[in-house]
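J.: Give me coordinates for this.
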Amino acid sequence: MRRSWSVLAGLLLAFNLLPVTGSAEPPLRAVNIAMEDQFKTRHETGAMRGDVVVLVYAERKGGEAAHEVGRRLHVHYHPTAEQVPASEWSRQPVVGIPGMPPGVRPPDVRCIAVASLPEIPKALQPVARAQLRKESPHVPVWLDFDGRLEHLFGVATGKPNVVLINTVGEVHSVLSGTVDETRFREIVATIDGLRIQQAAALRTASTPALVR
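T.: Residues are numbered from 1 along each chain as shown. Below is the predicted model:
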């Protein structure tokens, strides 16, 4: 994935893999962000309700930093990803949450790479897709040719940018900037809180009502 960044930089691809630091927190609102990946497969955040969605994007100078944060977050919540080939990276199970009822699936953490590509002319978009298919043949990368995330949430130049979407599809927070160890722990704590909130709802829903 790092090698793909150096190649795509020549096309002004803004490649990203995930989270970062602080900017103004947006008002809570439901969103459905839809994009195609390098394989022309369509994805929608609205189809991921019940899980925490982490979208990370960056302009080209922030690509390396975003990649590293995204990799760390994915491995933090899917630790077996470090021991499997790239083809299995996205399929690893999420870590559990204490107290979840047997047989109830814990809320996942969907760490999504988004390539912010508003500079790419329409004529070169097939070239960008082909290059990403070559350099990332297994891990989907959403392609933001319209610069939608930048338009909705802004972008920090040379830094990773992250949008956290809670389990009911609302924008929880938007973060931008350098991610040191303290900031990384803060991001993890925020995601953990969103997962625990959803887990509590699942526990309640799975508990039979008392018959009086």
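
J.: Report the buried residues of whichever helix in the chain runs longest.
T.: In the chain, with assignment by DSSP state H, the single longest helix is helix 181-206. Residues of helix 181-206 classed as buried: 183, 184, 186, 187, 188, 190, 191, 194, 195, 198, 199, 202 (neighbour count, 16 or more other CB atoms under 10 Å). Placement of C-beta: from N, CA and C, glycine included.

J.: Repeat that for stretch 117-130.
T.: 117, 118, 120, 124, 128, 129.

J.: any low-confidence regions in the protein?
T.: 1-28, 206-212 (pLDDT under 70).

J.: Need the three-state assignment for residue 126.
T.: Reducing the assignment at residue 126 to three states with DSSP: H, G, I helix; E, B strand; the rest coil gives helix.

J.: and if you look at the one 4 residues further on?
T.: Look at residue 130: counting by three-state DSSP, its state is helix.

J.: one step back: can I get the buried residues of helix 181-206 in CSV with distance to residue 63?
T.: As requested, the buried residues of helix 181-206 are exported to CSV (distance: CB to CB, whole Å):
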residue, distance to residue 63
183, 18
184, 18
186, 22
187, 18
188, 22
190, 23
191, 22
194, 26
195, 28
198, 31
199, 34
202, 36
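
J.: which strand is the longest one in the chain?
T.: strand 109-116 (DSSP state E).

J.: got the contact list for that one?
T.: 8, 13-18, 35, 43, 48, 51-59, 67, 70, 73-74, 77-78, 94, 128, 132, 139-144, 147, 149-150, 155, 191, 195 (CB atoms under 8 Å, 6 or more residues apart in numbering).

J.: Can you say which of those are buried?
T.: The buried subset of these - by 16+ other CB under 10 Å - is 8, 13-18, 35, 43, 48, 51-59, 67, 70, 73-74, 77-78, 94, 128, 132, 139-144, 147, 149-150, 155, 191, 195.

J.: how much space between residue 113 and residue 201?
T.: As judged by CB to CB, to the nearest Å, residue 113 and residue 201 stand 28 Å apart.

J.: Chain neighbours aside, what residue packs nearest to residue 86?
T.: residue 138 (4.6 Å; CB to CB, 6 or more residues apart in numbering).

J.: How about the secondary structure of the one you found?
T.: Applying three-state DSSP: residue 138 is coil.

J.: ok, it touching residue 84?
T.: No. Using CB atoms under 8 Å, residue 138 is not in contact with residue 84; the gap is 10.5 Å.

J.: contacting residues for residue 158?
T.: Applying CB under 8 Å, 6+ apart to residue 158 gives the contacts 59, 61, 62.

J.: repeat that for 7 Å
T.: Going by CB atoms under 7 Å, 6 or more residues apart in numbering, residue 158 touches 61, 62.

J.: Got phi/psi on it?
T.: phi 70, psi 10 (degrees, to the nearest 10).

J.: From residue 58, how far out is it?
T.: Counting by CB to CB, the gap from residue 158 to residue 58 is 8 Å.

J.: related to what we said a few turns ago, if you look at the contacts of strand 109-116, which of them are in helices?
T.: Those of those lying in helices (DSSP H): 8, 67, 70, 73, 74, 77, 128, 132, 149, 150, 191, 195.

J.: Just flag the most distant two among these.
T.: With CB to CB as the measure, no two of those lie farther apart than 128 and 195, at 33.7 Å.
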